[in-house]
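[1] next comes the sequence, and after it the predicted model I'd like to discuss.
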There are 2 protein chains.
Amino acid sequence: MSSSFDDIKAHIQLLIGNDRLGANHKLPAERELAEQLRITRITLRDGLNRLEGEGLVYRQNRRGWFVAPNRFVMNPAKKVNFNSMAREQSFLPTTKVLGFRKLSVRRDIYSAFAVTKSTKFFEMRRVRYLDQRAVMVEESYLPAERFSGLSDFDLSESVTEILRHNYAVNINREHCNIQVANLELLCAEPLGIPAGAPSLKITRLRYDSSGYLIDYNIEYWLPHAIEMEVATQ
Amino acid sequence: MSSSFDDIKAHIQLLIGNDRLGANHKLPAERELAEQLRITRITLRDGLNRLEGEGLVYRQNRRGWFVAPNRFVMNPAKKVNFNSMAREQSFLPTTKVLGFRKLSVRRDIYSAFAVTKSTKFFEMRRVRYLDQRAVMVEESYLPAERFSGLSDFDLSESVTEILRHNYAVNINREHCNIQVANLELLCAEPLGIPAGAPSLKITRLRYDSSGYLIDYNIEYWLPHAIEMEVATQ
DNA sequence: CAGTGGTCTAGACCACGAT
DNA sequence: TCGTGGTCTAGACCACTGG
């Protein structure tokens, strides 16, 4: 592949450059690209996968390949509001709520909250878009009793803001785990990529000023759509 | 692939379970596995790549597939010493110095240090091993004048410790960037994986108590060999 | 040197997206 | 429905690893 990879890369860059294709513009069909380069589709796809890793292109399930935009820069310390961060970086942010329900158990959740099995939680699943492109799926768990009536609010807005304004909750401290992990079907589907594809998985435990865990939050990002900035001291 | 993937996963798990293969144990050859499963090598390799993403196995260039050990947990706030962190997690850490030289320019470096083009830097490249397995390549840049004589010390040890003991430098603050990025050949080779493979790239700018940048540090991790823990406030 | 992984060719069928 | 991407088969050659 390494021999043809350079050819593939040069060819794609030429296509993007010549036709002045902007971010999120669709590339020609795989079969057409393969023919242009006189290589097999498999070889071409190996190359495209690698180009995806270099942040030049990205894929959408059965829709094709597109020109990749810049990465979204996330600062978990500042991240009060996804929407405002996105707009600062000239993205158009959108959010879709996939589901909201009350449930009573999930081992990893209640152990983190240090509560009993019978405690009820809200589970919320959302997709985040930047310029119409799905880049992240988010799962949130919050103690139901403390935040009763939560679903009455517009959940496509910042939950942090909702909590602050309506429940007098301020996030004071947060603990963050970052790893590369494969996507289950449930998360892969909304992102428009096949199950088993890698993601950057960011798990956050957010505490209020009394030290209570407020929000157990898991974000699955398209790995090349994001970079993180963290300041430690 | 998704149909055969489950078969492949079950088969590999069975192999590992039945033969009680421990971490870093080699799996049978690809051709043999493919025959056992009655599938093509290409299909098998797709499956193995995905299993690698799930952290079950890992690859080494032209040597084969191995049973993956647990992830190394890194806390950049605590990370004074790779070796001690590794031993706390029951790994045997090793370090090899790939190169050490003095150089004068690299745009991204001197702009971060906010110095002139003529300033000299030490560039150091090291590989880190856990239980004999190469998991990370590190590039460090330090201002040469301030740390003259640095190469006289044992550079396979913690540089932070060397700086503290011999140059009276204490790291006070650090800025960290985390992203998934492809490996150039120079970094892929010591890790025993093909160029173009993804990595977790951690860039750290470390400052002393006077606010001077001491260390410009880039780490390229095998993506499934590590997870990060970060506490923010 | 033999065996193995890395890469590639030349086809094929199916399931889903767009229309 | 047509074209596309997702997946798979059945080979092949080369470069490197390991004995």
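    Everything's here; your move. Numbering: from 1, shown residues only, chains lettered A, B, ... in the order given.
[2] from here on, contacts and neighbour counts on C-alpha atoms
    OK.
[3] can you map out the helices along chain A?
    For chain A, the helices defined by DSSP state H occupy A:2-18, A:30-37, A:41-53, A:82-88, A:107-113, A:159-167, A:185-191.
[4] take these and write them to CSV, including mean pLDDT, distance to B:H11 and mean neighbour count.
    Formatted as CSV, the helices of chain A follow (pLDDT from 0 to 100; distance: least, C-alpha to C-alpha, whole Å; neighbours: other C-alpha atoms under 10 Å in any protein chain shown):
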stretch, mean pLDDT, distance to B:H11, mean neighbour count
helix A:2-18, 82, 31, 15
helix A:30-37, 91, 32, 15
helix A:41-53, 91, 25, 19
helix A:82-88, 92, 42, 16
helix A:107-113, 65, 28, 14
helix A:159-167, 91, 43, 14
helix A:185-191, 91, 21, 18
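[5] relative to DNA strand D, which of these is closest?
    The minimum distance between DNA strand D and the helices of chain A falls on helix A:30-37, with 3.7 Å, by C-alpha to the nearest atom of the strand.
[6] how far away is the spatially most central residue of chain A from DNA strand D?
    Centroid-nearest residue in chain A, with C-alpha atoms, centre = their mean: A:M136, separated by 1.8 Å. Remark: distance between A:M136 and DNA strand D (C-alpha to the nearest atom of the strand, to the nearest Å) = 17 Å.
[7] cool, and A:F66?
    Distance from A:F66 to DNA strand D, by C-alpha to the nearest atom of the strand: 9 Å.
[8] that residue and A:N24, how far apart?
    5 Å (C-alpha to C-alpha, to the nearest Å).
[9] the more surrounded of the two?
    The residue with more neighbours, out of A:F66 and A:N24, is A:F66; 21 against 16, by other C-alpha atoms under 10 Å in any protein chain shown.
[10] now do the contacts for that one.
    Residues in contact with A:F66 (C-alpha atoms under 8 Å, 6 or more residues apart in numbering or on different chains) are A:A23, A:N24, A:H25, A:K26, A:L27, A:V57, A:Y58, A:R59, A:Q60.
[11] just give me the neighbour total for the first one.
    The reference is to A:A23. Per other C-alpha under 10 Å, the neighbour tally for A:A23 reads 15.
[12] picking that back up, name the nearest of the contacts of A:F66 relative to DNA strand C.
    Taking the contacts of A:F66 together and measuring to DNA strand C by C-alpha to the nearest atom of the strand, the closest member is A:Q60, at 8.6 Å.
[13] in contact with the closest one, which residues?
    Applying C-alpha under 8 Å, 6+ apart, one finds that A:Q60 lies in contact with A:F66, A:G192, A:I193.
[14] ok, now A:Y129?
    Applying C-alpha under 8 Å, 6+ apart, we find A:Y129 in contact with A:L92, A:P93, A:T94, A:T95, A:V135, A:M136.
[15] in TSV: these, plus pLDDT.
    TSV is the format used below for the contacts of A:Y129 (pLDDT from 0 to 100):
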residue	pLDDT
A:L92	94
A:P93	95
A:T94	94
A:T95	94
A:V135	96
A:M136	96
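[16] any idea how many residues pack against the closest residue to A:Y129 other than its chain neighbours?
    Leaving aside its sequence neighbours, A:Y129 sits nearest to A:T94 (C-alpha to C-alpha, 6 or more residues apart in numbering or on different chains; 4.9 Å). Using other C-alpha under 10 Å, A:T94 is surrounded by 18 other residues.
[17] one more: the one 3 residues further on?
    When neighbours are counted by other C-alpha under 10 Å, A:V97 registers 16.
[18] what's the distance between it and A:Q13?
    36 Å.
[19] same check, this time on A:D208
    Distance from A:D208 to A:Q13, counting by C-alpha to C-alpha: 48 Å.
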